[in-house]
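A.B. asks: Below is the sequence, then the predicted model.
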Amino acid sequence: MRRSINKTIYVAAITLAIQACSPASSNASNTIIHPSDSVKFEEKEQVKAGKLLTGAEQTDKYVPYLKGKRVGMVVNPTSIIGKQTTVDSLLKLGVNIVKIFGPEHGFRGNASNGTHVDDEIDSKTGIKAISLYGKHSKPTDAELSDVDVMVFDIQDVGVRFYTYINTLQHVMEACAANGKEVLILDRPNPNGFYIDGPILDPQFKSGIGLKPIPAVHGLTVGEYAQMLNGEKWLDNKLTCKIKIIKVANYTHDTPYELPVHPSPNLNTPQSILLYPTTCLFEGTYLNYGRGTQFPFTIVGAPALKGKYNFSFTPVSLKGMSESPLFMNQVCYGLDLRNYDTNNFRKTKQINLAWIIELYKNSPNKADFFNSKLSKEMGTIERLIGVADFRKQIIAGKSEKEIRASWEPGLSKYKTMRKKYLLYP
């Protein structure tokens, strides 16, 4: 139910909100806008009632600040407010969006993993959409010349080899070099309830891992942005001026089911929670559901016939996987679609048992970690982030022994991470 607000009080509240967002309000490079800063009655009541609100949904905190500015938007299909895209919503609220920047899979999310994405004019809005997964991975000086502030609003899933945090880094680097501010509309991390995996060894730095963080990093995008600044990880140790709109009523233990698919092959809540574990199969000869409607929830290969009863046949699927491994061949292996993902909440660990089991059951072990056969994103070293993992699996090391090798790096990271947390 809408209440009338005294005009004088409303104007004063708006003024305070703008001042809170003003660069002059703080000498610090990071500005955090908290849910309690809300001035809109309906929104404030939702926050008081304990409803989770993403940063994008709390428009009162940032729309006044964006008015009168030329705005760039780093967005994809996960960038929504209710049932509308953030771009459409902000255009209706009078925000001057001059450019759209799209990450892997493109602004509209219709490109397959790893596929080159071209620049285009967005057919719906008429705004130029620049690809950050094509000719270049970061905005150029020319592309930023007519942008006053960049808005980053993309749903991440909390895994080092999920490329959207790399896009965040590239955007922050370009903006820092050009004196532009980045406004981050924070969103929950569906895998934010745990931290696991080895710290990335710099020798395996790649497009699926840039910084020394574990496979499951336990941060929201806003928290990771603070870490990039605080650890001086941006190019030339630059600091990017950032403003973060926090998620209301969120903790790292809050279960969160994404309202839209974060990418074409993470198309179920099950796949998102299995992803930190099953994406490791990209560094093997196994098909992990590419070319099916169940990516990252099933794993197998033709060579495992007789070892497993469960089978599936990958086919070409436009927008998901046009040329999957073992296309049109029957694969045998594991069906994890009914696996109880609450186990991840209990153990706070990725599951290494499956890759250990499948290696033991593979008839041709010499090809198990053959990334040339997999035709996917890279070797197991680039995914897991260290050199020892392949050797440990081959040597028959236990899960406990493998995990022991991840220390003390993992513990040091957990301590460092605490400096950048926005949520309990």
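C.D. replies: Yep, that arrived. Keep in mind the model is a prediction, meaning the values are calculated, not measured.
A.B. asks: Kindly tell me how buried residue 251 is, as a neighbour count.
C.D. replies: Other residues within reach of residue 251, judged by other Cβ atoms under 10 Å, total 12. For glycine as for every other residue, the C-beta is placed from the backbone atoms N, C-alpha and C.
A.B. asks: pLDDT at the residue nearest in space to the middle of the chain, what is it?
C.D. replies: When Cα atoms, centre = their mean is applied to the chain, the residue found nearest the centroid is residue 156 (2.2 Å). pLDDT recorded at residue 156 is 97.
A.B. asks: Also residue 123?
C.D. replies: pLDDT, read off for residue 123, is 80.
A.B. asks: What distance do you get for the closest residue to residue 78 other than its chain neighbours to residue 260?
C.D. replies: By the measure of Cβ to Cβ, 6 or more residues apart in numbering, the closest residue to residue 78 outside its immediate chain neighbours is residue 155, 3.4 Å from it. Distance check for residue 155 against residue 260: by Cβ to Cβ, to the nearest Å, it reads 8 Å.
A.B. asks: what does residue 52 give?
C.D. replies: In this view, residue 52 and residue 260 are 15 Å apart by Cβ to Cβ.
A.B. asks: show me the contacts for residue 281.
C.D. replies: Counting by Cβ atoms under 8 Å, 6 or more residues apart in numbering, residue 281 touches 288, 299, 355.
A.B. asks: ugh, wrong one, residue 148
C.D. replies: So residue 148 contacts 69-71, 180 (Cβ under 8 Å, 6+ apart).
A.B. asks: Now for these, which sits with the most neighbours around it?
C.D. replies: The most neighbours of any of the contacts of residue 148, using other Cβ under 10 Å, belong to residue 71, which has 22 neighbours.
A.B. asks: so that residue touches residue 152, yeah?
C.D. replies: No - counting by Cβ atoms under 8 Å, residue 71 sits too far from residue 152 to count as a contact (11.4 Å).
A.B. asks: Would you mind measuring the gap between the ends of stretch 290-310?
C.D. replies: 16 Å (Cα to Cα, to the nearest Å).
A.B. asks: Likewise for stretch 370-383?
C.D. replies: OK, stretch 370-383 end separation, Cα to Cα: 13 Å.
A.B. asks: same thing with stretch 241-250?
C.D. replies: 24 Å.
A.B. asks: what's the answer for stretch 402-422, then?
C.D. replies: 31 Å.
A.B. asks: List the buried residues for that stretch?
C.D. replies: 402-403, 406, 409-410, 413, 417, 420, 422 (16 or more other Cβ atoms under 10 Å).
A.B. asks: what does stretch 78-90 give?
C.D. replies: 78-81, 85-90.
A.B. asks: would you turn these into JSON lines with secondary structure and distance to residue 239?
C.D. replies: As requested, those are exported to JSON lines (DSSP: H, G, I helix; E, B strand; the rest coil; distance: Cβ to Cβ, whole Å):
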{"residue": "78", "secondary structure": "coil", "distance to residue 239": "27"}
{"residue": "79", "secondary structure": "coil", "distance to residue 239": "25"}
{"residue": "80", "secondary structure": "strand", "distance to residue 239": "30"}
{"residue": "81", "secondary structure": "strand", "distance to residue 239": "29"}
{"residue": "85", "secondary structure": "strand", "distance to residue 239": "30"}
{"residue": "86", "secondary structure": "helix", "distance to residue 239": "26"}
{"residue": "87", "secondary structure": "helix", "distance to residue 239": "28"}
{"residue": "88", "secondary structure": "helix", "distance to residue 239": "32"}
{"residue": "89", "secondary structure": "helix", "distance to residue 239": "30"}
{"residue": "90", "secondary structure": "helix", "distance to residue 239": "27"}
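A.B. asks: ok, those residues vs residue 214, which is closest?
C.D. replies: residue 78 (23.1 Å; Cβ to Cβ).
A.B. asks: Return the residues in contact with the closest one.
C.D. replies: By Cβ under 8 Å, 6+ apart, the neighbours of residue 78 are 109, 154-155, 187, 258, 260-262.
A.B. asks: For the stretch 51-200 of the chain, which segments are assigned as strands?
C.D. replies: 70-75, 80-81, 84-85, 96-102, 120-121, 128-131, 149-153, 181-185 (DSSP state E, counting those that start in this stretch).
A.B. asks: Could you export those as a markdown table, including distance to residue 328?
C.D. replies: Compiled in a markdown table, those are given as follows (distance: least, Cβ to Cβ, whole Å):
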| stretch | distance to residue 328 |
| --- | --- |
| strand 70-75 | 36 |
| strand 80-81 | 36 |
| strand 84-85 | 36 |
| strand 96-102 | 32 |
| strand 120-121 | 32 |
| strand 128-131 | 31 |
| strand 149-153 | 39 |
| strand 181-185 | 42 |
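A.B. asks: If you average pLDDT over each of those, which is lowest?
C.D. replies: Least confident of the strands of the stretch 51-200 of the chain, judged by mean pLDDT, is strand 120-121 with a mean of 84.
A.B. asks: for the chain, what helix or strand is lowest in average pLDDT?
C.D. replies: Every helix and strand in the chain was compared by mean pLDDT, DSSP states H and E; the lowest is helix 7-21, with a mean of 39.
A.B. asks: and the following helix or strand past that one, what does it pack onto?
C.D. replies: On the C-terminal side of helix 7-21, the closest following helix or strand by DSSP states H and E is strand 30-33. Counting contacts by 3 or more Cβ pairs under 8 Å, 6 or more residues apart in numbering; DSSP states H and E, strand 30-33 packs against helix 7-21, strand 242-245.
A.B. asks: go with 6 Å
C.D. replies: strand 242-245 (3 or more Cβ pairs under 6 Å, 6 or more residues apart in numbering; DSSP states H and E).
A.B. asks: The strand it packs on pairs with which strands, and in what direction?
C.D. replies: Strand 242-245 sits in its sheet next to strand 30-33 (parallel), strand 181-185 (parallel), going by DSSP bridges.
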